[in-house]
Every structure is written in C-alpha cells, then in structure tokens.
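> Need coordinates for the below:
(4 chains)
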Protein chains: 2
Amino acid sequence: MTTTPESPPSTPSGADQRRNEIVASAARLFDEFGYGNTSMQQIAIAAQMAKPTLYHYFSAKDAILFQVHEEFIDILIRQFRGRALRSTGLRDRLVGAMTDILTLMDTHRGHVRVFFEHHRELPAEQQRLIRAKRDEYEAMLVGVLEDGRARGELILDQPRLTALGIFGMCNWAYQWYSRDGALAPAEIAERFGSVVLDGLSPRGD
Amino acid sequence: MTTTPESPPSTPSGADQRRNEIVASAARLFDEFGYGNTSMQQIAIAAQMAKPTLYHYFSAKDAILFQVHEEFIDILIRQFRGRALRSTGLRDRLVGAMTDILTLMDTHRGHVRVFFEHHRELPAEQQRLIRAKRDEYEAMLVGVLEDGRARGELILDQPRLTALGIFGMCNWAYQWYSRDGALAPAEIAERFGSVVLDGLSPRGD
DNA sequence: GAAAGAATCGACCGCCTGGTCGGTTGGTTG
DNA sequence: CAACCAACCGACCAGGCGGTCGATTCTTTC
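Residues are numbered from 1 along each chain as shown, chains lettered A, B, ... in the order given. Below is the predicted model of the structure:
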C-alpha cells in the first residue's frame, strides 16, 4: 500500500502485467499452431524473454494452459451474470450469451481454441476446476431455457439437450469464423437466435 | 483374378485388411490421447507389430492421419448421396444427414475427433484434398436448404450460415456425446431437427 | 528347390522438448 | 554500503519422438 505506485500509465502492476503478456503471446501461438505444437522456446521469444525466465512466472507449460482456460470461462461467466443483473428479457439473455461466445472468437481466438481442444491436457486437479466452471456456465444457460418454459415462452422437453445444441451452433464457429467475414459476431448470434426461437419452417402452416 | 483367393472368411484381402487394423487402432488411440500425444510406438503395439513394420504399410505418421480423415468424410458423402438417390423429402434429408453425423460419434469416435481437431496437421497437399471434400459435403447441405427455400418449405436468407449452425449443433456433439447416454444418435438428430425446423417459441403466438 | 518379394523387427540416429542449474544484474530497503 | 530479492539468462540434461538401416523370416511362384 505504502510502497507500490498504484497503476502509473505504463506499468499497471509490474509482474502481473508481464504474466498477462506471456499468456497473451502464448494464446496467439496456441491459436496458430495448437498447444502441443507450440514450444516454451517459441512462447519465450514471442514474449521477448529467454526460456528460463518463463519459469520465473509460470511453474510449467500447463500452468499457462490453465491460465488461458480460466480467463476464457471467467469472462463468459462474468458477462452472463452481468446481463442477469440487468434482468433483461428471455430473448436478450439467450441471444446475449450467444453473442458473448461469438465475440470471443474475435477478441480471444487462442483462448477459444485452447478451451475447446486442449482441456484434456490439463493436470487432473485443474481439469476438474475448469470442468466445474464450464458446468456452471452450462447450468446457467439451461436455467434460462427452463425459465422460458415455466413462463410458457418456450416449448421444449429436454433443456440440457437443447442447450447443448445452442452451444454447438455458437462454439463450433471457432472452426469457421473469420474476422474478415461479412458478418459480425452479434449478427451471427441474432441469426442463430432466430433459427432456434422461430425455426425454419413457415409459420401457420 | 486367378491367384488371389477372393475373401475367404478370415482374410478378406490380406495387406489391405492389415492397413485397416492399423488405422482402426490408431483412431482409437487418437480419440483417447489426441494425435500429437500418440506415438508410432503406441500405434504399433496396439496393432500388434513392431514400429518399423508400421512403415511397411504407411510412409509416415501423417499418412495414417490422412487415411482417418478420408475414411470419415467419404462415409458422410456416400451416405448423403445414397439418401439423395432414394429422393426422400426435405425433412428426411436434413435430419438424415444430422443422424449420419451423430451416428459416427458412436461408430467412429476417433475419426470424428481427428477430423475436427487435427486437420491443420495434415501436409499441405492432403489438407487441400480433405478440405475440398469437406466443402463438397457442406455444399450438399446448403443445397438442401436452398431447395427447401425454393419450394417455399423453408424460410431463411443465409443458407450457408444456417448450414454452419446446423453442422455446429451436430458436430459439437463429439464434445459431450457418450455411448452410455440416455439418447441414441437418431433421437438426438430428431430433437435437433425439430428445434431447427419448428423453433422453441410457441406457434401462433 | 531356387528365386523373389512381402512382412517382420532389433538396434540405432538426430532432433527437439520441457525443465533445471548456477550465476548475474539492478532496483529497493535498512 | 550491505543485504535482499525479483528478474533474468547461457548452458545444459534426460527422455521421447519420428523415422531409417540392414538383416531375417515367411509365402508364393515357377
């Protein structure tokens, strides 16, 4: 409190800042080459330091992997909760969550791929931790669907399966989404949302 | 013609049979550990041979990877075409394709994961080949949607985006589908199909 | 039974990886 | 100035990897 200068313009917190730089560099490389095909050497170079220095900030390669996972799921949970507090309607909450996910394909490409493809490579303990948060997030979306059903605004008999379908539409986008594409994340979410809510068949037969 | 014994009960074609055993073993390991974390040594043991013998059947590790990719996409294309010949209705063709994909999660788990997660690791030339087939398959589903629109049976203004959403729902299942689960692939496809076609909102307001 | 080729493998190689060690620098405290 | 500690790194290591080599066995063909 007395000694540390509280966030001067360039160095918000020193070491933490440096850790973030490492994770950001690593995520970028993971996105391009995959976790297994990215070496600590590459990460070190990308973060502009020597390899041993990396081990001053992270105890092992999988500690970086864990950090990426946690950042990703924490963002989603935080955003979902924020929207819930603002207590918007059902459609907003649903399409909002879809927008959150799709937006991360723009802002956190590496995080996304890592979270979806490399969670099995986390050490057992940390894998449990991440899985717990992921399940928590899943439960929140299932909750939205159940709410909608209880209010008669949605018709569905298997909330979890439906939620998995919705997640699928959005999460899968990491396989094809491009920043240069014609559609922005929010537009895609809107389209997908209307498919899920209104369906493709003409209304009124 | 004269010499080769045509498929006696145990050895359909000798060397080809052995190749298939290798690919099947490899796919099983890829499913469990991922491509990069599976060594040629492990594959050899699983296929009950020594490592150098593997190189009698495949020129390199990525040749096995390619074989897995090709088998997967060839199955899907063949099944889609088969259904098209039987010229069933729109819903059958759509839900049918979805069933095809979900069924592979049961019968070809390793192929699925490899196809979705490791296509970037194929040598450039083979990657192009697989991508071409994948695009072909995608185009076939887009075609179904466009047909439906032309006949007034579907309402949509972005066939490709919609197709990507549908693929997402199904493909993503490789992340959560379990053989021990309560629902069979065909049932899941039916549910997802009705979400996409009818939507979740009550009809007629 | 000789020749040929398919199928097999023990031993080996160069390379790269995650991670360690021991030591240096440089700013902050008393 | 002395002590301290965070930050940093050149050099090194054991281990595992994909892949090769040379030689051996088995099977088929004439």
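
> mind checking how far whatever helix or strand residue A:74 lives in is from the chain centre?
Residue A:74 is part of helix A:61-85, with elements assigned from DSSP states H and E. On the basis of Cα atoms, centre = their mean, to the nearest Å, helix A:61-85 sits 6 Å off its chain's mean C-alpha point.

> What of stretch A:47-58?
The chain centre lies 25 Å from the centre of stretch A:47-58; the measure is Cα atoms, centre = their mean.

> Any idea how far apart the tips of that stretch sit?
Stretch A:47-58 has its terminal residues 13 Å apart, counting by Cα to Cα, to the nearest Å.

> next one: stretch A:193-203
One end of stretch A:193-203 sits 16 Å from the other (Cα to Cα).

> what residue ranges in chain A score low on pLDDT?
Counting by pLDDT under 70, the ranges of chain A that qualify are A:1-13, A:204-205.

> go with 80
Screening chain A residue by residue with the criterion pLDDT under 80, one finds the ranges A:1-14, A:87, A:203-205.

> Let me see the ranges of the helices in it.
Counting by DSSP state H, chain A has these helices, from start to end: A:15-33, A:40-46, A:51-57, A:61-85, A:90-107, A:109-117, A:124-150, A:159-171, A:185-198.

> Export those helices to JSON lines and append columns for distance to residue B:121.
No exception for glycine: its C-beta is placed from N, CA and C like everyone else's. Listed next are those as JSON lines, based on distance: least, Cβ to Cβ, whole Å:
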{"stretch": "helix A:15-33", "distance to residue B:121": "9"}
{"stretch": "helix A:40-46", "distance to residue B:121": "16"}
{"stretch": "helix A:51-57", "distance to residue B:121": "24"}
{"stretch": "helix A:61-85", "distance to residue B:121": "18"}
{"stretch": "helix A:90-107", "distance to residue B:121": "21"}
{"stretch": "helix A:109-117", "distance to residue B:121": "12"}
{"stretch": "helix A:124-150", "distance to residue B:121": "23"}
{"stretch": "helix A:159-171", "distance to residue B:121": "21"}
{"stretch": "helix A:185-198", "distance to residue B:121": "27"}
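
> could I get those as TSV with mean neighbour count and distance to residue B:132?
Below are those laid out as TSV (neighbours: other Cβ atoms under 10 Å in any protein chain shown; distance: least, Cβ to Cβ, whole Å):
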stretch	mean neighbour count	distance to residue B:132
helix A:15-33	18	23
helix A:40-46	16	31
helix A:51-57	14	40
helix A:61-85	17	32
helix A:90-107	20	24
helix A:109-117	22	23
helix A:124-150	15	34
helix A:159-171	22	25
helix A:185-198	20	25
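
> Residues of chain A that sit close to DNA strand D?
Contact residues of chain A with respect to DNA strand D, defined by Cβ under 7 Å from any atom of the strand, are listed as A:14-15, A:18, A:49-53, A:56-57.

> For those residues, name the two members farthest from one another.
A:14 and A:51 (21.1 Å; Cβ to Cβ).

> thinking again about what came up before, who wins for proximity to residue B:102 among the helices of chain A?
For those, proximity to residue B:102 was assessed by Cβ to Cβ; helix A:159-171 is nearest, at 11.0 Å.

> Does anything pack onto that closest one? Which helices or strands?
When contacts are defined as 3 or more Cβ pairs under 8 Å, 6 or more residues apart in numbering or on different chains; DSSP states H and E, helix A:159-171 packs onto helix A:90-107, helix A:124-150, helix A:185-198, helix B:159-171, helix B:185-198.

> before we move on, the earlier item: and which of the residues of chain A next to DNA strand D is nearest DNA strand C?
Minimum distance to DNA strand C across the residues of chain A next to DNA strand D is 3.7 Å, recorded for residue A:52 (Cβ to the nearest atom of the strand).

> Roughly how far does the closest one sit from chain B?
Note on residue A:52: its distance to chain B, by Cβ to the nearest Cβ, to the nearest Å, is 25 Å.

> Next: residue A:46.
Counting by Cβ to the nearest Cβ, the gap from residue A:46 to chain B is 19 Å.

> picking up where we left off before, touching DNA strand C at all, the helix holding residue A:74?
Yes - on the criterion Cβ under 7 Å from any atom of the strand, helix A:61-85 is in touch with DNA strand C at A:61-62.

> what's that helix in contact with?
With Cβ atoms under 8 Å, 6 or more residues apart in numbering or on different chains as the contact definition, helix A:61-85 has outside contacts at A:19, A:22-23, A:26-27, A:30, A:35, A:40, A:43, A:58, A:92-93, A:96-97, A:100-101, A:104, A:108, A:110-112, A:114-115, A:118-119, A:121-123, A:126, A:129-130, A:133-134, A:136-137, A:140-141.

> If we check chain B, which of the residues you listed are in contact?
Restricting the contacts of helix A:61-85 to those adjacent to chain B (criterion: Cβ under 8 Å from any Cβ of the partner chain) gives residue A:121.

> Also near DNA strand C: which of the contacts of helix A:61-85, exactly?
residue A:40.

> Closest to the centroid, which residue in chain A?
Against the mean C-alpha coordinate of chain A, by Cα atoms, centre = their mean, the closest residue is residue A:72 at 3.9 Å.

> That one and residue A:59, how far apart?
Relative to residue A:59, residue A:72 is positioned 20 Å away (Cβ to Cβ, to the nearest Å).

> Residue A:47 now?
As judged by Cβ to Cβ, residue A:47 and residue A:59 stand 16 Å apart.

> quick one, what contacts residue A:166?
A:94, A:98, A:141, A:192, A:196, B:169.

> so which of the residues you listed would you say is closest to residue A:160?
residue A:141 (9.3 Å).

> Contact partners for the nearest residue to the closest one once chain neighbours are set aside?
Spatial nearest neighbour of residue A:141, excluding adjacent residues (Cβ to Cβ, 6 or more residues apart in numbering or on different chains): residue A:163 at 4.8 Å. Residue A:163 is in contact with A:138, A:141-142, A:145, counting by Cβ under 8 Å, 6+ apart.

> rewinding a little: now the helix holding residue A:74 against helix A:15-33, angle please.
On the basis of axes from the mean of the first three to the mean of the last three Cα atoms, to 10 degrees, helix A:61-85 is oriented at 100 degrees to helix A:15-33.

> OK, contacts around the closest residue in space to residue A:27 that isn't next to it in sequence?
Spatial nearest neighbour of residue A:27, excluding adjacent residues (Cβ to Cβ, 6+ apart): residue A:110 at 3.0 Å. With Cβ under 8 Å, 6+ apart as the criterion, the residues that contact residue A:110 are A:26-32, A:68.

> Good, we can wrap up now.
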